[in-house]
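>>> fold the following, please.
(chains A and B)
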Amino acid sequence: MQDFAEAFALAFHLIVTADADLVEIVLLSLRVSLTAVFIAGVVGLPLGAVLAVARFPGRGGVIVVVNALMGLPPVVVGLLVYLALSNAGPLGVLQLLYTPSAMIIAQAILVTPIVAALTRQVIDDLNREYDEQLRSLGVTWVDAVSTLLWDARGSLATALLAGFGRAVAEVGAVIIVGGNINHVTRVMTTAIALETSKGNLALALALGLILLLLALGVNAAVLSLRSDRMEAARV
Amino acid sequence: MSNVQALDQSPRETARTTADILPLVAEGLVFEAGGRRLVDGVDLELQPGARTIVLGPNGAGKSLLLRLLHGLLRPSAGRITWNGRPADATTLRRQAMVFQKPVMLRRSVAANIDYALKVRGVPRTGRIPRVREMLRTADLDRLAPSPARVLSGGEQQRLSLARALVTQPEVLFLDEPTASLDPASTLAIERLIDDAAAAGTRIVMVTHDLGQARRLADEVVFIHRGRIAERTAAFRFFQSPMSQPAADFLAGHLVL
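Numbers count the residues shown, from 1 in each chain, chains lettered A, B, ... in the order given. Sure thing, here's the model as predicted:
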């Protein structure tokens, strides 16, 4: 118990004094996961909206696949990205393995299906309400998709936050393609895994606390967005 | 005959930027769903001018007929022409529809009206004065910056009517726009419809409310079981309807 108390004290000390190593790791984590979520948004939002609005053969199948990919195991994504980026792999010439870029790619692949699937659900619901009105106004197909995306912005923000929560907390993919190299590819989750096994509980705990606070913040943001929407909808 | 018509139309064509879309002609219109004929062979011609009220019992096919005419539904059989041409994007831009349940875009009141003009490609400088004028006409200027979704039911319906009218449609379809509104809101809606009709918009409106039909109708189209039971000038319809279902309906009997 003595050890734990000491570790907690040290962890708080690291956070309060903004320890350089700690800050570096947190900032890299945020950079990697935010970039991955940005990419997932650029791909997943339009993809989800098109899946909700368009009618084409095989649409049901695509939706099932996208929904299934939401549960993609991070280690499997890490392994596939590793294979693609390794020297023998098809993208080996890019020399991206063990760089933050590789970690961004892996997390983007992990998060895009989440954003796309949640977007499809949200846009599908909204389109049920809007469809006749938009067609009556003579709105083109492309304009309809952008109108739906804009008008669902509150719900879509929660989809992106859910994606961010998933990205920032996962360890399996980034540890395989990033390698947890100190000062290069070490992020919060990989550092926790390593420092715990090394017995450096203070740093691990400090990072764990920050991760928890981030998760709390994300969920608080989701909740407040949702209640704002309820307020505005008044249904 | 054709010479007379051509002479008749030319001054109006110069007054408007594009050719008129009326008359609207529907021939042998059929709509089937789930193996049932919900609209069963409707022939209807709508010339410019009169306000047409569509009456009939629940499930008679009134709303379906409106959606078919507006082009939201594809008929199972029959055809619709606008001034001799099949419906297309151009004819759709000259019509508008107000639904029973107003659909409010998640934007401000002013942005809802602006949207209808924006999707028609009206440049921003042209939109601003038209939106402002429409807000005033519909008595919504005080609410212009509010989110549309927090308005009361009556205000929402006024907004959706304003959004339809701002495009200056040649034909306006209305599907029971005042079905769940209080008398004050209903009066405001009816005034806007009256003004639009006076300004030359062709009104085609479904209603359940016989009082409203009396107030607004120039002519009544009575629908029964997917067919037009009769089409009669309003003053004659309310005194002595020609068809038995309409007579029963007016007498307050349950018409099935």
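
>>> tell me who's in contact with the residue lying closest to B:Ile21 once chain neighbours are set aside.
Once its chain neighbours are removed from consideration, B:Ile21 has its nearest residue in B:Trp82; the separation is 4.3 Å (CB to CB, 6 or more residues apart in numbering or on different chains). Bear in mind the C-beta positions are built from the backbone N, C-alpha and C, glycine included. B:Trp82 is in contact with B:21-22, B:24, B:91, counting by CB atoms under 8 Å, 6 or more residues apart in numbering or on different chains.

>>> just how off-centre is the longest helix along chain A within its chain?
For chain A, the longest helix by residue count, based on DSSP state H, is helix A:100-136. Centroid separation for helix A:100-136 versus its chain: 13 Å, with CA atoms, centre = their mean, to the nearest Å.

>>> quick one: is it near chain B?
Yes: applying CB under 8 Å from any CB of the partner chain, one finds helix A:100-136 in contact with chain B at A:129-130, A:132-133, A:135-136.

>>> now those residues as CSV including neighbour count and pLDDT?
Converted to CSV, those look like this (neighbours: other CB atoms under 10 Å in any protein chain shown; pLDDT from 0 to 100):
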residue, neighbour count, pLDDT
A:Glu129, 15, 93
A:Tyr130, 23, 94
A:Glu132, 17, 93
A:Gln133, 22, 95
A:Arg135, 15, 93
A:Ser136, 22, 93
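
>>> tally of neighbours for A:Leu85?
23 (other CB atoms under 10 Å in any protein chain shown).

>>> residue contacts, the closest residue in space to it that isn't next to it in sequence?
Leaving out its chain neighbours, the residue that sits closest to A:Leu85 by CB to CB, 6+ apart is A:Leu97, at 4.4 Å. Applying CB under 8 Å, 6+ apart to A:Leu97 gives the contacts A:82, A:85-87, A:177, A:179.

>>> what about A:Leu97, is that helix, strand or coil?
coil (DSSP: H, G, I helix; E, B strand; the rest coil).

>>> same question for B:Val42.
Using three-state DSSP, the structure places B:Val42 in strand.

>>> bridge partners for it, pull those for me.
Assessed by DSSP bridges, B:Val42 has beta-bridge partners B:Leu29.

>>> quick one: name the residues of chain A near chain B.
Contact residues, chain A versus chain B (CB under 8 Å from any CB): A:129-130, A:132-133, A:135-140, A:143, A:147, A:151-154, A:232-234.

>>> OK, contacts around A:Val81?
Contacts here follow CB under 8 Å, 6+ apart; on that basis A:Val81 touches A:102, A:105-106, A:109, A:173, A:176-177.

>>> quick check on it: phi, psi?
The main-chain torsion angles of A:Val81 are listed as degrees, to the nearest 10 and equal phi -70, psi -40.

>>> confidence-wise, which helix or strand of chain B is lowest on average?
Confidence across the helices and strands of chain B bottoms out at helix B:2-15, with a mean of 40, counting by mean pLDDT, DSSP states H and E.

>>> any buried residues in stretch A:115-134, and which?
With burial defined by 16 or more other CB atoms under 10 Å in any protein chain shown, the residues of stretch A:115-134 counted as buried are A:115-124, A:126-127, A:130, A:132-134.

>>> farthest-separated two in the residues you listed?
For the buried residues of stretch A:115-134, the maximum inter-member distance is 27.6 Å, found between A:Val115 and A:Glu132 (CB to CB).

>>> okay, now the unreliable bits of chain A?
A:1-2, A:228-235 (pLDDT under 70).

>>> sorry, back to before: from chain A, how far off is the residue nearest to B:Ile21?
14 Å (CB to the nearest CB, to the nearest Å).

>>> quick check: pLDDT value at that residue.
In this model, B:Trp82 is scored at 92, pLDDT.

>>> show the backbone phi and psi for it.
Backbone torsions of B:Trp82, given as degrees, to the nearest 10, read phi -110, psi 110.

>>> write down the beta-bridge partners of it, one by one.
Residues found in beta-bridge contact with B:Trp82 (criterion: DSSP bridges) are B:Leu24, B:Arg85.

>>> distance of it from B:Leu69?
Distance check for B:Trp82 against B:Leu69: by CB to CB, to the nearest Å, it reads 10 Å.

>>> need the residues touching each of the two.
Overlap between the contact sets of B:Trp82 and B:Leu69, as judged by CB under 8 Å, 6+ apart, is given by B:Leu24.

>>> nearest residue to A:Arg135 in space, please, no chain neighbours.
When the adjacent residues along the chain are set aside, A:Arg135 lies closest to B:Leu72, with 5.9 Å between them (CB to CB, 6+ apart).

>>> check B:Ala110 too.
The spatial neighbour of B:Ala110 that comes closest, neighbours along the chain excluded (CB to CB, 6+ apart), is B:Ala144 at 4.3 Å.

>>> check contacts around that neighbour.
Counting by CB under 8 Å, 6+ apart, B:Ala144 makes contact with B:108-110, B:135.

>>> let me know the average pLDDT across the helix or strand hosting B:Ile53.
Using DSSP states H and E, B:Ile53 sits within strand B:51-55. Averaged over strand B:51-55, pLDDT sits at 93.

>>> quick one: the helices in the stretch 101-250 of chain B?
Under the criterion DSSP state H, counting those that start in this stretch, helices of the stretch 101-250 of chain B are mapped to B:109-118, B:124-137, B:153-165, B:183-198, B:210-216, B:234-239, B:244-250.

>>> my read: A:Ile114 touches A:Phe164, true?
No: at 9.9 Å, A:Ile114 and A:Phe164 do not qualify as touching, with contact defined as CB atoms under 8 Å.

>>> distance-wise, check A:Thr119 relative to A:Phe38.
15 Å.

>>> likewise A:Ala221?
From A:Ala221 over to A:Phe38 (counting by CB to CB), the distance is 16 Å.

>>> name the SS class of A:Arg55, please.
Of the three states, A:Arg55 takes coil according to three-state DSSP.

>>> get me the contact residues on the stretch 1-150 of chain B for chain A.
Contacts of the stretch 1-150 of chain B with chain A, taken as CB under 8 Å from any CB, map to B:67, B:70-72, B:89, B:92-93, B:96-97, B:99, B:103, B:105-107, B:115-116, B:119-120, B:147, B:149-150.

>>> quick one, which of the residues you listed are buried?
Using 16+ other CB under 10 Å as the burial test, those include B:67, B:70-72, B:92-93, B:96-97, B:99, B:103, B:105-107, B:115-116, B:119, B:147, B:149 as buried.

>>> residue contacts, the spatially closest residue to A:Leu126 that is not a sequence neighbour?
The shortest distance from A:Leu126 to any residue that is not its chain neighbour, by CB to CB, 6+ apart, is 5.1 Å, and that residue is A:Ala152. If a contact means CB under 8 Å, 6+ apart, then A:Ala152 has A:122-123, A:126, B:106 as its contacts.

>>> got a PyMOL select line for the buried ones in the contacts of A:Leu97?
For the buried members of these, the matching PyMOL selection, counting by 16+ other CB under 10 Å, is:
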select buried, chain A and resi 82+85+177+179
